[in-house]
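Participant: model the following, please.
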Amino acid sequence: MTKIGIIGCGRITQRRHAPEYAGNPDVEIVGYYDRTRVRAENLSKLYGGQVFDTVEELLANQEIDAVSVCVANCAHAEISIQAMKAGKHVLCEKPMATTVEECQQMLQTARETGRFLMIAQNQRFNTGHVRAKELIAQGVIGTPLTFKTSFCHGGPENWLSIGPQDGKPVGNIWFFDKKVASMGAMADLGIHKADLIQYLLCQDITEVTAKVLTLDKKDENGNLIEVEDNAICILRLANGVVGTLTVSWTDYGAEDNSTVIFGTKGLMRIYDNSEHTIQISTDRGDQIYYDLDRMMTNVNQRESGVMSEFVRELETGDWSNAANESSVNAIRAVIAAFQSSAEDRTIHLKEM
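Facilitator: A predicted model of the protein is given here:
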């Protein structure tokens, strides 16, 4: 039985971490901490467990084996490091941190303490992505040459508007606050796709050319928000594969969360068709379909698979999804997009 503490009780905890832990027979939620105490109290009433007054009090509890870190982006590194030094294993929400240096400090702390550190990159646990990775490795579409991957929806306010607000207005959106979130759509969506493309193709990103833009989202005063609501990136991987990564908070139509891989013998569409999870077209005219699952959206939620995998790996000692240098490289690529856009040039990640 894995005993869990949850630090930060906002929407991601309410919708995923707490209910998924609670539904796992191998997990007991020992307690919660949130600066807004009522949010922790609400979860305690729903799933059991006590409410702690401070992070330090929660981490000092000897019952707790591991914690979910679900605080704002700017505090991911600080809380995760504090938790590992307190002897706890850590599942940290994405993005891993807001700087490369913080990410490296997290990895170093994991090594020094022997704690399991995993980042909640849920897209790599989608059934379609797991199967696609296998098929690409089998050479079904030959050698990958190019790709395009997108994550576009109408913005985090739609996610935050689902369900009770704990007394807070929907207009109070921390995602739009640069001091708290550090980045906008790239931290929210782009990190998913940077991690995913490295996962699918087993290659790290080495170059980024990007335009990072704020086009439409406005604050309560009618001014454009300080963080980006769109980004269009060209990525090069270590093996020379080139592709595009596009993210947007201004897709006011149907959500797009798709990836297409173009190879020497065909192409693979992943979550790019409402009828099929994976659609493969080969150079021989074959049409191959895999009907596995649907892509999770802000409106249509299902179990992410992250919490169950974290617990499984923790209990078996098979830490195959532990954070590593590739995790840091995904953050490096996201940060490089901002530098590329600001300096109007291609950024080679080895420069960073």
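Participant: can I get stretch 203-217 in CSV, CA atoms only?
Facilitator: Extracted in CSV, the C-alpha atoms of stretch 203-217 (Å, rounded to 0.1, in the frame of the first residue of the first chain):
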residue,chain,number,x,y,z
GLN,A,203,15.6,11.3,-30.0
ASP,A,204,16.3,14.5,-28.2
ILE,A,205,15.5,17.9,-29.7
THR,A,206,18.7,19.7,-30.7
GLU,A,207,17.5,22.9,-32.5
VAL,A,208,14.5,25.2,-32.2
THR,A,209,13.3,28.0,-34.5
ALA,A,210,10.1,29.7,-33.2
LYS,A,211,7.6,32.5,-33.1
VAL,A,212,6.1,32.9,-29.6
LEU,A,213,3.1,35.3,-29.7
THR,A,214,0.3,36.8,-27.7
LEU,A,215,-2.6,37.3,-30.1
ASP,A,216,-5.9,37.4,-28.4
LYS,A,217,-6.1,36.5,-24.6
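Participant: in that stretch, what's buried?
Facilitator: Neighbour-count burial for stretch 203-217, counted by 16 or more other CB atoms under 10 Å, picks out Q203, D204, I205, T206, E207, V208, T209, A210, V212, L213, T214, K217. Backbone N, C-alpha and C define where each C-beta goes, glycine included.
Participant: and the residues you listed as JSON lines, adding distance to S150 and pLDDT?
Facilitator: JSON lines is the format used below for these (distance: CB to CB, whole Å; pLDDT from 0 to 100):
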{"residue": "Q203", "distance to S150": "19", "pLDDT": "98"}
{"residue": "D204", "distance to S150": "20", "pLDDT": "98"}
{"residue": "I205", "distance to S150": "16", "pLDDT": "98"}
{"residue": "T206", "distance to S150": "21", "pLDDT": "98"}
{"residue": "E207", "distance to S150": "19", "pLDDT": "98"}
{"residue": "V208", "distance to S150": "16", "pLDDT": "98"}
{"residue": "T209", "distance to S150": "17", "pLDDT": "98"}
{"residue": "A210", "distance to S150": "14", "pLDDT": "98"}
{"residue": "V212", "distance to S150": "15", "pLDDT": "98"}
{"residue": "L213", "distance to S150": "15", "pLDDT": "98"}
{"residue": "T214", "distance to S150": "19", "pLDDT": "98"}
{"residue": "K217", "distance to S150": "18", "pLDDT": "96"}
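Participant: which of the residues you listed lies closest to I29?
Facilitator: Lowest distance from I29 to the buried residues of stretch 203-217 (CB to CB) belongs to K217, with 34.5 Å.
Participant: residue ranges with poor pLDDT in the stretch 51-200 of the chain?
Facilitator: Low-confidence segments of the stretch 51-200 of the chain (pLDDT under 70): 160-172.
Participant: mind listing the helices for it?
Facilitator: Under the criterion DSSP state H, counting those that start in this stretch, helices of the stretch 51-200 of the chain are mapped to 55-60, 76-85, 100-113, 127-137, 156-160, 178-181, 185, 191-201.
Participant: neighbouring contacts of the longest one?
Facilitator: Residues outside helix 100-113 that contact it (CB atoms under 8 Å, 6 or more residues apart in numbering): 76-77, 80-81, 84-85, 87, 90, 92, 96-97, 115-117, 322-325, 327-328, 331-332, 335, 352.
Participant: ok, now the second one?
Facilitator: Surrounding helix 76-85, the residues in contact under the criterion CB under 8 Å, 6+ apart are 7-8, 55, 59, 67, 69, 71, 90, 92-93, 95-99, 102-103, 105-106, 109-110, 113, 115, 117.
Participant: which of those are buried?
Facilitator: Among those, those classed as buried by 16+ other CB under 10 Å are 7-8, 55, 59, 67, 69, 71, 90, 92-93, 95-98, 102-103, 105-106, 109-110, 113, 115, 117.
Participant: burial measure for V100, as a count.
Facilitator: Residues lying near V100 (other CB atoms under 10 Å) number 18.
Participant: can you classify the residue in the chain sticking out farthest from the centre by secondary structure?
Facilitator: Farthest-out residue of the chain from its mean C-alpha position, per CA atoms, centre = their mean: R284, at 36.4 Å. Following DSSP: H, G, I helix; E, B strand; the rest coil, the label given to R284 is coil.
Participant: picking up where we left off before, dump the buried residues of stretch 203-217 to CSV, plus distance to F310 and secondary structure.
Facilitator: Formatted as CSV, the buried residues of stretch 203-217 follow (distance: CB to CB, whole Å; DSSP: H, G, I helix; E, B strand; the rest coil):
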residue, distance to F310, secondary structure
Q203, 25, coil
D204, 23, coil
I205, 25, strand
T206, 29, strand
E207, 32, strand
V208, 29, strand
T209, 34, strand
A210, 31, strand
V212, 31, strand
L213, 35, strand
T214, 34, coil
K217, 32, coil
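Participant: quick check: the two most widely separated of those?
Facilitator: Within those, Q203 and K217 form the most distant pair, 32.8 Å apart (CB to CB).
Participant: just confirm I29 is within a helix.
Facilitator: No: in this structure, I29 is strand, not part of a helix, as judged by three-state DSSP.
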